[in-house]
Structures are given as structure tokens and as C-alpha cells.
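Asker: Based on what follows, work out the 3D shape:
(one chain, ligands or ions: 1)
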Amino acid sequence: MRKASGCDVNVYLYQRENRHLLCHFHRFRHNKLFCFLTHSSPLAHLSSLSPSLSLALAHSQVSRNKGKRTQNQKMVKICCLGAGYVGGPTMAVMALKCPEIEVAVVDISEPRINAWNSDKLPIYEPGLDDVVKQCRGRNLFFSTDVEKHVFESDIVFVSVNTPTKTQGLGAGKAADLTYWESAARMIADVSKSSKIVVEKSTVPVRTAEAIEKILTHNSKGIEFQILSNPEFLAEGTAIKDLYNPDRVLIGGRDTPAGQKAIEALRDVYAHWVPVEQIICTNLWSAELSKLAANAFLAQRISSVNAMSALCEATGADVTQVAHAVGTDTRIGPKFLNASVGFGGSCFQKDILNLIYICECNGLPEVANYWKQVVKVNDYQKIRFANRVVSSMFNTVSGKKIAILGFAFKKDTGDTRETPAIDVCNRLVADKAKLSIYDPQVSEEQMRKDLSMARFDWDHKVPLPQYKAEGVSEQVSVVSDAYEASKDAHGLCVLTEWDEFKSLDFKRIFDGMQKPAFVFDGRNILDAEKLREIGFIVYSIGKPLDSWLKDMPSVA
Ligand SMILES: NC(=O)c1ccc[n+]([C@@H]2O[C@H](COP(=O)([O-])OP(=O)(O)OC[C@H]3O[C@@H](n4cnc5c(N)ncnc54)[C@H](O)[C@@H]3O)[C@@H](O)[C@H]2O)c1
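Answerer: Numbers count the residues shown, from 1 in each chain. Below is the predicted model of the structure:
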């Protein structure tokens, strides 16, 4: 690269179909690209996108040889709307793997962007700090200047939140697309050049059609190609998942321009994902696949959890049953751990959304099938809390109960839809005094979560009704497990943090009221050792201690 007056002049060697092409790119303000070709151009195949985007994307073509690729330098600018659990890590990894692409992650939340620009990132995710440190300020930028970065970009990812609607038509099931729609309107308003708009958020099937309408009705002659590129990362392992995804899914229109847009995005991912793992489909298949994948995963958890209740009733051991079932190669061993229930921002929301779509399409039987997955999950959470109460002589009034773990799973600070909320609220409703410890969740977050009215759709299982005053009096948040369990009558493990496995349970036992109870909602503790120490132990789906068997059965 050499500097010329007023602009940068970049010289690239571009290889395609064994022809070499020398391009001179002039990069002006707003990243607009102008290209002068010194040889006849093979780039006409990209002509249906804007000239600047076509040329930029053409430059991102990579030649592939049995999965191995050589990369050419490229000049694409990517912007991502939404600097959340998905937008932040996804774009950080993209910036790391594509050093020649400029990636801007923008958000309307100033505190969130400030945190991304600080030493304390807004989300906890193993390995994330390191990735951000390597790229931030180089080709990764976090900003609240949403319009500027959208204006300058060739590819715009939209990774805004799509929560469940809580009011109006479809309340309790349908996805709330308010954030998505306002993002689409803004993209249409500020764009002066054609763009590829990528759905990264999880959205109902056929959302792209609605988004297309918004964009094209406001387009002023600019061409937008919409792609669906749902994200499959799991919180807690996001960086690992992004480095080595099982697959990347890209859906687009079955038109020449749609296919070229798919190719352009595939070439971005091909920097680090083997091309055979990049699945290209039509738009609706990609959108629906994300909902289907989450529904299947949640269904497995509800299946093993339903089995755990039957194990407790019959003396079978759910771990042994899951192992025996999972060794069938048609079933497989993953996602068969019985627990207090699934949580997180996606499973419940996406299944509810799926249910709504089925109902809207006149498929009530299909809707009811998926509804049961959520109902079993609610049942499992309440069954666990009821077990705590019934084991302790059917009352926890005034009793201290230690809660170890509040996040919805280990290695994340995310508490959205965490089972801990329902379990804690149930115990608070029974007048227990809770002492909560989680290594990543702040006191402020826990209090906020426990104060929010839980949205009720048509649950048959009565979920605890929360009283805000109860939480402030009955809940304390502490900074370690020993403090949480001091003088407690019972201890509940609600998140599978590794550090809980190596606690000194003799010390914990000595500090607790007797009889001392452990309720392991994640089956991570060695129940036999705990029993030797003197605890009465409840593990989900395992044969019950005689103490628990003698207690009244729980609903
Ligand atoms: N969290 C996960 O594990 C996960 C995994 C796969 C898919 N998803 C899906 O990805 C999407 C995002 O999820 P998330 O967990 O990152 O949500 P999040 O709430 O953490 O982040 C969304 C961000 O979008 C911002 N935002 C809203 N409107 C905006 C706008 N107009 N312009 C710019 N920013 C805007 C919000 O301020 C927020 O910071 C959702 O649809 C979710 O279902 C999430």
C-alpha cells in the first residue's frame, strides 16, 4: 500500500479462474471504493450489486483447493447492529479472522458500547477478552454512531434483540420485532449505496420478506439483498463455537443477485470455516432451521427431565438411563443431562415463537406438541423447589437456604430465563431466607431479575407469584459459597459452576444447621461423599434418600 494525495491507493492481486488481475483501489472518505482495472475484468458476474460493493466483494473471493484456501486482500466494511451476547463475540471473531476487513459493532446503548471499549467487557465469555484485545482499534471498533457506520458499510448484520411479545396480538408467544423493524427503517434511511443486510438475530420464518418490504419501499433505488445467517453459538463456549462451528448457515433469495450475496458472505466465513461446513439454503429454510434447532435441543432436555421424575418415582437412576439411551448412535450422548431445567434467552423464546407460527398456520397439533417442551421445563423447576420445601418438613418459613449459582449455565453471567429465578421466587413465596452466591452475576442483576413480573402465557403449572418487598428482605447476595451456607438449613446448586465441585463440603456441613440438606439441581456433586459427611442429599432423577422417600410426595 502507498499513500497518494488525498486518498489511499491499494494495489491488490486478484486471482480467479487462473487469471490474474491487478486492481487499484482508491479508498476515499466513507470507505467508498473506486476501482480501476488494468486488465479485462472477470467481475461482471457481480454486476447486479452496486459497483463499489461488487468490486469489494469480488475481492473477497478466495480460491479453494480441497478445503484449503489462499486469501486475497479485501476492502469490505462490515457493520453489526447490536453489541450483545451475539453481536459482540461474533464480530470480534470475524475481525480476528479477517484482518483486512473493518468491522464496526454499533449499539444504541451507550453504557454497553462504553463497556466494550473498556477493560471490563459487558459480557463474560471465556476467551473473549483476548480476542477483543487483539483486534480492538485495529479492525474492530465499537461505537454508538450507528448511522455513520451503517452508511459506510457493505454488509450490515442485524443482531438486535427479538424478545417474546408481552402485550397485544400474539403476546406471550410471538417474537417482538420492534427493534428489528426500527433497525431496518434506519438502514433504509441512511443508505446511499447498495448493501447486503444479514439477519443474525433469531426471527420468525419469513421475517426477511417483511424486512425486504421495509427496505425496498424506502430504498430510493438502492439495492438491498437480505440474507439469513442465524447464529448457533452457545453462551459459555461462544468463542470456541465461533472458531469451530458445526456449521454456518446462510439463506438467501434464489435469484442471481441473491446467490451472489450468499457467495459474498460465504467468502467472509471461508476465512476460517471449511467451505463444506457452510450450508447454503433458501431464506425460509435458514430462518426456520434456527427455531427448529433450538426446539430440538430444548426437547431433549425436557425429555430427560421428564424421565428424571419417573426415575425418582421408580428407583431408576437418570444418569444410567441417559447413558444407556445415549449410546444408541441414532440418539447420541449429548444434551442428556437431567437438571433443574433449561434457561437462557433463546430456548423458551424460540419455542414460543415456533408455537405461535404453527398456530398462525393452522397447525394446532404441532403447536401443542412443542408447547409441552416448555410446560415440562416449568414443571421441572417447580418440582425442584417443591422438593426443597417438602424435604424440610413442608415449610421453609424463616429458614436460611444457600443458593449456589444464579446464571442460567456455567461460564456466563447471563441470567435471562435462568431456572434460578423461578426456584428462588418459589422459595421466597414460602418465606425462606435466601443467601445467593454466583461467581459472575452481580447483586444488582439478581435483585432486578427477582423483582420482574414473570410473563405468564397459559402455564398449567402454577409459577410463583413474586412480591417485590419479599425479595429485598428475604434475599441476601454474598461473595462466596461458605458465607452463603453459614447457618443455612439447606443448600441448592442451581448452576453447574466448576468451582462448586471442589468446595470443602465438610467445612460447609460443620457450619450448617442440622439436619443439613443438599439439593443438587445439576447433578455435579458426589452424592455418596456428601452422605458420608452427614448431608441428606437430593440429586435430580436419582434414587431418593430414605429421608426424602418418607416425606410427602411432591407435585
Ligand atoms: N444469546 C445467545 O446465546 C443467542 C444465540 C443465538 C442467537 N441469538 C439471537 O441473537 C439476537 C441477539 O441476541 P443477544 O443475546 O445478543 O441480545 P442482547 O440483548 O444481548 O443484544 C441486543 C443488542 O441490540 C441492541 N439494539 C437494539 N436495537 C438496536 C438498534 N436499532 N440499533 C443498534 N442496536 C440495537 C440492544 O441495545 C442490545 O445491546 C436475538 O435474536 C437472539 O435470539 C442469541
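Asker: which residues touch the closest residue to the ligand within the chain?
Answerer: Each residue of the chain has a distance to the ligand, by C-beta to the nearest ligand atom, and the smallest belongs to G84, at 1.9 Å. No exception for glycine: its C-beta is placed from N, CA and C like everyone else's. By C-beta atoms under 8 Å, 6 or more residues apart in numbering, the contact list for G84 reads 107, 112, 123, 159-161.
Asker: quick one, phi/psi of it?
Answerer: According to degrees, to the nearest 10, the main-chain angles of G84 amount to phi -100, psi -150.
Asker: Start at 56, not 1
Answerer: That works, and once the first residue is 56, the last one we named lands at G139.
Asker: gap between it and I294?
Answerer: The gap separating G139 from I294 is 15 Å, by C-beta to C-beta, to the nearest Å.
Asker: One more: T369?
Answerer: According to C-beta to C-beta, T369 and I294 sit 42 Å apart.
Asker: more crowded one of the two?
Answerer: With neighbours defined as other C-beta atoms under 10 Å, T369 and I294 compare such that I294 has more, 20 against 8.
Asker: Surely L151 is within a helix?
Answerer: Yes. L151 sits within a helix when classified using DSSP: H, G, I helix; E, B strand; the rest coil.
Asker: Would you check that it makes contact with C190?
Answerer: Yes. Checked against C-beta atoms under 8 Å, the pair L151 and C190 is within contact range at 5.3 Å.
Asker: shouldn't W602 be in contact with I591?
Answerer: Yes. Contact status for W602 versus I591: in contact at 4.8 Å, counting by C-beta under 8 Å.
Asker: shared neighbours, these two?
Answerer: Taking C-beta under 8 Å, 6+ apart as the contact rule, W602 and I591 both touch 446, 570.
Asker: Which of those two has more residues huddled nearby?
Answerer: Neighbour comparison, W602 and I591: the larger count goes to I591, with 19 against 13 (by other C-beta under 10 Å).
Asker: Can you get me a residue count around D553?
Answerer: Applying the criterion other C-beta under 10 Å, we find 10 residues in the vicinity of D553.
Asker: dump the residue contacts of it.
Answerer: Contact criterion C-beta under 8 Å, 6+ apart gives K465 as the residues in contact with D553.
Asker: From G291, how far off is it?
Answerer: D553 sits 11 Å away from G291, taking C-beta to C-beta as the criterion.
Asker: what do those two both touch?
Answerer: Common neighbours of D553 and G291, using C-beta under 8 Å, 6+ apart, are K465.
Asker: what's the closest non-adjacent residue to E414?
Answerer: Computed as C-beta to C-beta, 6 or more residues apart in numbering, the closest residue to E414 that is not its neighbour in sequence is A422, at 4.8 Å.
Asker: That neighbour: which element?
Answerer: Element membership of A422 [criterion: DSSP states H and E] is helix 419-446.
Asker: nearest residue to G545 other than its sequence neighbours?
Answerer: Distances taken as C-beta to C-beta, 6+ apart put F572 closest to G545, at 3.9 Å, once the chain neighbours are dropped.
Asker: how many neighbours does that neighbour have?
Answerer: F572 sits with 26 neighbouring residues when counted by other C-beta under 10 Å.
Asker: Find me the pLDDT at it, would you?
Answerer: Looking at F572, its pLDDT reads 98.
Asker: just the strands in the stretch 456-605 of the chain please.
Answerer: Defined through DSSP state E, counting those that start in this stretch, the strands belonging to the stretch 456-605 of the chain, from first to last, are 488-492, 530-532, 545-548, 572-575, 591-594.
Asker: Can I get stretch 551-558 in PDB? Just the C-alpha atoms.
Answerer: Output of stretch 551-558 as PDB, limited to C-alpha atoms (Å, rounded to 0.1, in the frame of the first residue of the first chain):
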ATOM      1  CA  GLU A 551     -23.000 -26.100  37.300                       C
ATOM      2  CA  TRP A 552     -20.000 -23.900  38.000                       C
ATOM      3  CA  ASP A 553     -16.900 -26.000  38.200                       C
ATOM      4  CA  GLU A 554     -15.800 -24.300  41.500                       C
ATOM      5  CA  PHE A 555     -18.800 -25.800  43.300                       C
ATOM      6  CA  LYS A 556     -17.400 -29.300  42.700                       C
ATOM      7  CA  SER A 557     -14.200 -28.600  44.700                       C
ATOM      8  CA  LEU A 558     -15.800 -26.900  47.700                       C
END
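Asker: Give the buried residues for it.
Answerer: By neighbour count, and taking 16 or more other C-beta atoms under 10 Å as the criterion, the buried residues in stretch 551-558 are 551-552, 555, 558.
Asker: Just want the angle from whichever helix or strand Q403 is part of to helix 419-446.
Answerer: Per DSSP H and E, Q403 falls inside helix 402-415. With axes from the mean of the first three to the mean of the last three C-alpha atoms, to 10 degrees as the criterion, the two stretches helix 402-415 and helix 419-446 enclose an angle of 150 degrees.
Asker: Now do helix 402-415: which elements does it pack against?
Answerer: Applying 3 or more C-beta pairs under 8 Å, 6 or more residues apart in numbering; DSSP states H and E, one finds that helix 402-415 contacts helix 338-369, helix 419-446.
Asker: Looking at these, which is nearest to G566?
Answerer: Shortest separation from G566 across the helices and strands packed on helix 402-415 is recorded for helix 419-446, at 19.0 Å, computed as C-beta to C-beta.
Asker: shaky segments in the protein?
Answerer: Flagging of the chain using pLDDT under 70 yields the residue ranges 56-130, 509-525, 607-610.
Asker: Recalculate using a threshold of 80.
Answerer: Applying pLDDT under 80 to the chain flags residues 56-130, 273-275, 508-527, 605-610.
Asker: Identify each buried residue in stretch 168-182, please.
Answerer: In terms of neighbour count (16+ other C-beta under 10 Å), stretch 168-182 has its buried residues at 168, 170-171, 176-180, 182.
Asker: and it, does that touch the ligand?
Answerer: No. Under the criterion of C-beta under 6 Å from any ligand atom, stretch 168-182 makes no contact with the ligand; the nearest approach is 7.4 Å.
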